[in-house]
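S.K.: Sharing a sequence plus its predicted fold:
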Number of protein chains: 2
Amino acid sequence: MQTVVIALGGNAILRPGQQGLYGEQLESIDRTADQIADVIARGNRVVVTHGNGPQVGAIVIQNDAGRDQVPAMPLDVCGSMSQGMLGYMIQQRLSAALHSRGAERCVTTVVTQARVDAEDPAFRRPSKPIGPFYSEEEARAKMRETDETWVDDAGRGWRRVVPSPDPLQIVESDAIRSLIANDVVVICVGGGGVPVVRDDEGLRGVEAVIDKDFASERLAREIDADKLLILTDVPQVMLNYGEPDEEPLDEVRLEEAEAYERQGQFGAGSMGPKVGACLRFVRHGGQAVVTSLDNASTALDGKAGTHFSR
Amino acid sequence: MQTVVIALGGNAILRPGQQGLYGEQLESIDRTADQIADVIARGNRVVVTHGNGPQVGAIVIQNDAGRDQVPAMPLDVCGSMSQGMLGYMIQQRLSAALHSRGAERCVTTVVTQARVDAEDPAFRRPSKPIGPFYSEEEARAKMRETDETWVDDAGRGWRRVVPSPDPLQIVESDAIRSLIANDVVVICVGGGGVPVVRDDEGLRGVEAVIDKDFASERLAREIDADKLLILTDVPQVMLNYGEPDEEPLDEVRLEEAEAYERQGQFGAGSMGPKVGACLRFVRHGGQAVVTSLDNASTALDGKAGTHFSR
């Protein structure tokens, strides 16, 4: 039985243009749970990871809106709240999807911390936008009152940016490993995990966000997973994306993929980190696949997606 | 090695009069983590459960305050958010406290659902106050717009009340059992667990709160724990509480305790459900102790607290 880490993209929970209503999120999660349940019912051990961008953004807005009545929580705590929330919703719907297939499993969410290096260069250049847009005046006031960094986001308003350091360790991987060995389906590494650094007093949360694909890769390695399956909104990775000679990649070997990466084929935006995470996993001896949510099961049979191997 | 379920009272996280600032909560959790780490370092397998009253109250306020900007989440989802938040804080500080004792353990939070009966009579009489106080006018408007129940809370304003049904099953207990068998310290059943009912489509969250002591007892039974240790703000349960002949209880047998219970010795407020949960656990063959946070370790040696046994 192979162990597969399935990293869900943002659209697995909330689709573009949706407001984030509870019902909308639950509906998307139901659709996602069906796909994951198919993978499990076909005899795979599965660990599910997921993003949390829109959800932690909403929690930050709520914390800000309520700050005259109750104290606002720091970003790391908001991240842990989003893990509880999304984990709860996913475990509930995934259990139901498994039940309807006669493939009962215990499905459990593990609140996850990802350790980063306090000296990671990312801390010197915050780059990841988080939370709501504000006016320049409000943003400048926030910068005076806090040590937050806010930037002008291409005319849409000012937005807070935080560092995105590289995950060095998934703190709870021992627990996750023992759960999957007992046939429990685990949901973890939500939003890439809560970023923590180690100091004399132990671990401490930091104001940052971790790329969920890199964190999922780190987890996949630590639990000796066989495959990393990154689900996004396109069925395959493209060469020469958007050009007349654009071409989908079916299978690609490490050296070849590294050559494409050096050519800048995968962009710095969405596909770059996904391919980067896949290549890391392949370098450590695993196999990785990028495809769309609807192709999850087919891709594991080798019939869809872009497959990365040594 | 005995397995102990430690149920933390509200003051283990936030003390009376505190506002709920992140720093205040972290400081209380540090003090609590020290006590729990002592229990673990002395060779006990520990599962930690906790309340979430002030925290879920704050999340409800934040959801309400931000509702013009982002959709508010239902109470079950707010509960899961509080589990993520408190679990994260407790696991981080408990790991540090264990590390400082040279007693390293993996400490992990499991997001927990507690199944209740949709026909539980509690659903017909919502009784548990939740969230902020509102004016009568606002409360009446809420009742018109939703199916919520609001009541006049003894002159302090109007407050929403929700049902408090009896927990029948801890949905994730298989996962919790396999974690403790692997020496993982588990934090779970936060706020009594998210209340869910089973219908044709699986489990579904309901607008209710579950008594965390009864939910902890249910968990203790399902994982075959040896002891249920309920930590509160007094070192012992009292007979004739507040009377001139008030008397602390050291050890009490089931029949004797049931007689006291019938006399109304333990009150319906704070101590009643705690003693009720202890007696349930004793009836199912376990041992139960009520004491204060600072006496946790001593109480397990039989040198403090009120001990319930067959």
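M.R.: Structure received. None of the values given here were measured: they were computed from a predicted structure.
S.K.: Give me the three-state assignment for whichever residue of the stretch 51-200 of chain A sits closest to chain B.
M.R.: The nearest approach of the stretch 51-200 of chain A to chain B comes at A:Gly84, 2.2 Å away (CB to the nearest CB). C-beta: built from backbone N, CA, C; applies to glycine. Recorded secondary structure, A:Gly84: helix (DSSP: H, G, I helix; E, B strand; the rest coil).
S.K.: So it is in contact with B:Met73, correct?
M.R.: No - counting by CB atoms under 8 Å, B:Met73 is not a contact partner of A:Gly84; they are 11.1 Å apart.
S.K.: Can you check which residues contact both of those two?
M.R.: Both A:Gly84 and B:Met73 are in contact with B:Met81, where contact means CB atoms under 8 Å, 6 or more residues apart in numbering or on different chains.
S.K.: check contacts around whichever residue of the stretch 201-310 of chain A sits closest to chain B.
M.R.: Closest to chain B within the stretch 201-310 of chain A is A:Gly202: 2.8 Å, counting by CB to the nearest CB. Applying CB under 8 Å, 6+ apart to A:Gly202 gives the contacts B:92-93, B:95-96, B:99-100.
S.K.: What of A:Lys128?
M.R.: Neighbours of A:Lys128 in contact, by CB under 8 Å, 6+ apart: A:161-164, A:208-209.
S.K.: Neighbour count and pLDDT added to these, as a markdown table?
M.R.: Formatted as a markdown table, the contacts of A:Lys128 follow (neighbours: other CB atoms under 10 Å in any protein chain shown; pLDDT from 0 to 100):
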| residue | neighbour count | pLDDT |
| --- | --- | --- |
| A:Val161 | 19 | 94 |
| A:Val162 | 21 | 95 |
| A:Pro163 | 21 | 97 |
| A:Ser164 | 23 | 96 |
| A:Ala208 | 25 | 97 |
| A:Val209 | 29 | 96 |
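S.K.: So which of those belong to helices?
M.R.: If you go by DSSP state H, the contacts of A:Lys128 have nothing in helices.
S.K.: got a pLDDT number for A:Arg125?
M.R.: A:Arg125 carries a pLDDT value of 94.
S.K.: wait, A:Ile90
M.R.: Value for A:Ile90, per-residue pLDDT: 98.
S.K.: what about it, which helix or strand?
M.R.: Assigned by DSSP states H and E, A:Ile90 belongs to helix A:75-100.
S.K.: for that helix, which positions count as buried?
M.R.: In terms of neighbour count (16 or more other CB atoms under 10 Å in any protein chain shown), helix A:75-100 has its buried residues at A:75-99.
S.K.: Contacts only, for the residue of the stretch 51-200 of chain A closest to chain B.
M.R.: If you count contacts by CB under 8 Å, 6+ apart, A:Gly84 has them with A:109, A:111, B:80-85, B:87, B:111.
S.K.: 10 Å instead, please
M.R.: Shown in contact with A:Gly84 (CB atoms under 10 Å, 6 or more residues apart in numbering or on different chains): A:109, A:111, A:190, B:77-88, B:109, B:111, B:190, B:194.
S.K.: check contacts around the residue lying closest to A:Met85 once chain neighbours are set aside.
M.R.: Counting by CB to CB, 6 or more residues apart in numbering or on different chains, A:Met85 lies nearest to B:Met81, which is 4.8 Å off, once chain neighbours are set aside. B:Met81 makes contact with A:55, A:59, A:62, A:78, A:80-86, A:88, B:52, B:55-56, B:59-60, B:62-63, B:73, B:111, B:194, according to CB under 10 Å, 6+ apart.
S.K.: which residues are contacting stretch A:252-266?
M.R.: Outside stretch A:252-266, the residues that reach it (CB under 10 Å, 6+ apart) are A:237-241, A:249, A:271-276, A:278-279, A:282-283, A:288, A:290, A:306-310.
S.K.: what's the spacing between the residue of the stretch 201-310 of chain A closest to chain B and B:Met143?
M.R.: 47 Å (CB to CB, to the nearest Å).
S.K.: List phi and psi for A:Gln18.
M.R.: Here is the backbone geometry of A:Gln18 (degrees, to the nearest 10): phi -80, psi 150.
S.K.: residues near it, how many?
M.R.: Counted with other CB atoms under 10 Å in any protein chain shown, the neighbours of A:Gln18 add up to 16.
S.K.: which residues touch it?
M.R.: With CB under 10 Å, 6+ apart, A:Gln18 has these contacts: A:11, A:24-25, A:27-28, A:54, B:71.
S.K.: before we move on, back to that, where does the residue of the stretch 51-200 of chain A closest to chain B land on pLDDT?
M.R.: For A:Gly84, pLDDT reads 98.
S.K.: nearest spatial neighbour of it, skipping sequence neighbours?
M.R.: B:Gly84 (2.2 Å).
S.K.: Please determine how far the one you found is located from B:Gly43.
M.R.: Per CB to CB, B:Gly84 is found 30 Å from B:Gly43.
S.K.: Poorly predicted segments of chain A, please.
M.R.: Within chain A, the segments meeting pLDDT under 70 span A:268-269.
S.K.: Next up, phi/psi of the nearest residue to A:Gln91 once chain neighbours are set aside, please.
M.R.: Spatial nearest neighbour of A:Gln91, excluding adjacent residues (CB to CB, 6+ apart): A:Val107 at 4.4 Å. In terms of degrees, to the nearest 10, the main-chain angles of A:Val107 are phi -120, psi 130.
S.K.: Next up, the contacts around A:Val107.
M.R.: A:33, A:36-37, A:40, A:46, A:48, A:87, A:90-98, A:184-187, B:171-172, B:175.
S.K.: unless I'm mixing things up, A:Val275 is touching A:Phe308, no?
M.R.: Yes - using CB atoms under 10 Å, A:Val275 is in contact with A:Phe308, at 7.7 Å.
S.K.: Overlap in contacts, the two.
M.R.: Joint contacts of A:Val275 and A:Phe308 (CB under 10 Å, 6+ apart) are A:230, A:237, A:249, A:252, A:257, A:288, A:290.
S.K.: which parts of stretch A:148-158 are buried?
M.R.: Neighbour-count burial for stretch A:148-158 [16+ other CB under 10 Å]: A:148-150, A:158.
S.K.: ok, back up a step: if any of the shared contacts of A:Val275 and A:Phe308 are buried, give me the PyMOL selection for them.
M.R.: Paste this into PyMOL to select the buried members of these, with burial taken from 16+ other CB under 10 Å:
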select buried, chain A and resi 230+237+249+252+257+288+290
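S.K.: Tabulate the shared contacts of A:Val275 and A:Phe308 (TSV), appending distance to B:Gly131 and secondary structure.
M.R.: Shown next, in TSV, are those (distance: CB to CB, whole Å; DSSP: H, G, I helix; E, B strand; the rest coil):
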residue	distance to B:Gly131	secondary structure
A:Ile230	39	strand
A:Val237	47	coil
A:Leu249	52	coil
A:Val252	53	strand
A:Ala257	52	helix
A:Ala288	45	strand
A:Val290	43	strand
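S.K.: Which one of the shared contacts of A:Val275 and A:Phe308 is nearest to B:Ile223?
M.R.: The closest of these to B:Ile223 turns out to be A:Ile230 (CB to CB; 35.3 Å).
S.K.: where exactly do the helices run in the stretch 201-310 of chain A?
M.R.: A:212-222, A:254-262, A:271-283, A:296-300 (DSSP state H, counting those that start in this stretch).
S.K.: Give me the more crowded residue out of A:Val275 and A:Phe308.
M.R.: A side-by-side neighbour count of A:Val275 and A:Phe308, using other CB under 10 Å, places A:Phe308 first with 28 against 25.
S.K.: The more buried one reaches A:Ala299, doesn't it?
M.R.: No - assessed by CB under 10 Å, A:Phe308 is found out of contact with A:Ala299, at 11.8 Å.
S.K.: Quick check: beta-bridge partners of A:Val48?
M.R.: When bridges are called by DSSP bridges, A:Val48 pairs up with A:Ile6, A:Ile187.
S.K.: Make sure A:Ser80 is actually in contact with B:Tyr22.
M.R.: No - counting by CB under 10 Å, A:Ser80 does not reach B:Tyr22; the two are 11.7 Å apart.
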